[in-house]
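Undergrad: Give me the fold of what follows.
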Amino acid sequence: MHSLRPTKSFAIGVLALAAFLELGYLLATPPVVIVPDKIVTQWDSIWLRNKPAPCSAKSPAWCSGDNKEFLGCVAVKRNLGAWIVKSWQPASDMKRMATTVSGTCSVAFNGMWHLHPAEVDVNELHLNFFRNLSGQDLTTLYETSPPARVSLMTWAPGQLTAAVIWRGKVVYPVQVEVR
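TA: Purely as a prediction, here's the structure:
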């Protein structure tokens, strides 16, 4: 009679090695940020309301309208290699300006999200998009109290970038997945 014990032991060893390698991968790579499509649509809508628009259909001049940044408080949940956005609400005491925003989030939120509205290039008559989180954005993420874990920014509809606190350091950019 043949015994299956060596084969079973080998299979268990291979599975254990695979699990160890997967855990090692998760510990060695920064987490991705997963955002529900419904929330991205809400932020795209806010961005569109803040985008500079032509003063009239016949005029090449641009009006700034409500071209101001916007700040949201975000609740994210950590799940093995990912931060998952669960909900958000506008920051309280928000002070909105064209290139900066401030506000207050309660301890129920551990992330932030803001807009970078486009700036009009009046010489070229097109929009310039600020696609990156600024040094001040990253410093704010690192120094926020209570500690934030994720900072998201929308710079155009469907266009997101994110930074996370991972192993005590700011990591930017990280992968953002919309689901």
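Undergrad: hey, let's count contacts and neighbours off CA atoms from now on
TA: OK.
Undergrad: for this structure, what spans make up the helices?
TA: Ranges of helices in the chain, per DSSP state H, are 5-28, 37-50, 135-143.
Undergrad: pLDDT at the closest residue in space to Met97 that isn't next to it in sequence, what is it?
TA: Leaving out its chain neighbours, the residue that sits closest to Met97 by Cα to Cα, 6 or more residues apart in numbering is Lys68, at 5.0 Å. Reported pLDDT at Lys68 in the predicted model: 85.
Undergrad: Return the distance of Lys68 relative to Ser45.
TA: Separation of Lys68 from Ser45 (Cα to Cα, to the nearest Å): 14 Å.
Undergrad: residue closest to the middle of the protein?
TA: What sits nearest the mean C-alpha location of the chain, by Cα atoms, centre = their mean, is Leu152, with 2.6 Å.
Undergrad: Tell me how many other residues surround the nearest residue to Gln175 once chain neighbours are set aside.
TA: Excluding the flanking residues, the one nearest Gln175 by Cα to Cα, 6+ apart is Val32, at 4.9 Å. Counted by other Cα atoms under 10 Å, the residues lying close to Val32 total 21.
Undergrad: repeat for His114
TA: 25.
Undergrad: Ignoring the adjacent residues along the chain, who's closest to it?
TA: In space, His114 is closest to Leu71, 4.5 Å off (Cα to Cα, 6+ apart).
Undergrad: Just confirm that neighbour contacts Asp93, I think it does.
TA: No: Leu71 is beyond contact range of Asp93, at 10.2 Å (criterion: Cα atoms under 8 Å).
Undergrad: Lys68 and Ser45: which is more packed in?
TA: Using other Cα under 10 Å, the more surrounded residue of Lys68 and Ser45 is Lys68, with 22 against 12.
Undergrad: And that one, its phi and psi?
TA: phi -130, psi 150 (degrees, to the nearest 10).
Undergrad: Next one: it from Asn79, what distance?
TA: Remark: distance between Lys68 and Asn79 (Cα to Cα) = 33 Å.
Undergrad: Just the pLDDT for the residue nearest to Thr29 when sequence neighbours are not counted.
TA: Distances taken as Cα to Cα, 6+ apart put Gly81 closest to Thr29, at 7.8 Å, once the chain neighbours are dropped. pLDDT, Gly81: 84.
Undergrad: hang on, Gly81 packs against Val32?
TA: Yes: at 6.4 Å, Gly81 and Val32 qualify as touching, with contact defined as Cα under 8 Å.
Undergrad: how does this structure divide up, domain by domain?
TA: 1-30, 31-178 (automatic domain parsing).
Undergrad: show me where this structure has strands.
TA: With DSSP state E as the criterion, the chain has strands at 32-35, 53-54, 62-63, 71-79, 82-90, 92-96, 101-104, 111-115, 119-121, 126-128, 150-156, 159-166, 169-171, 176-178.
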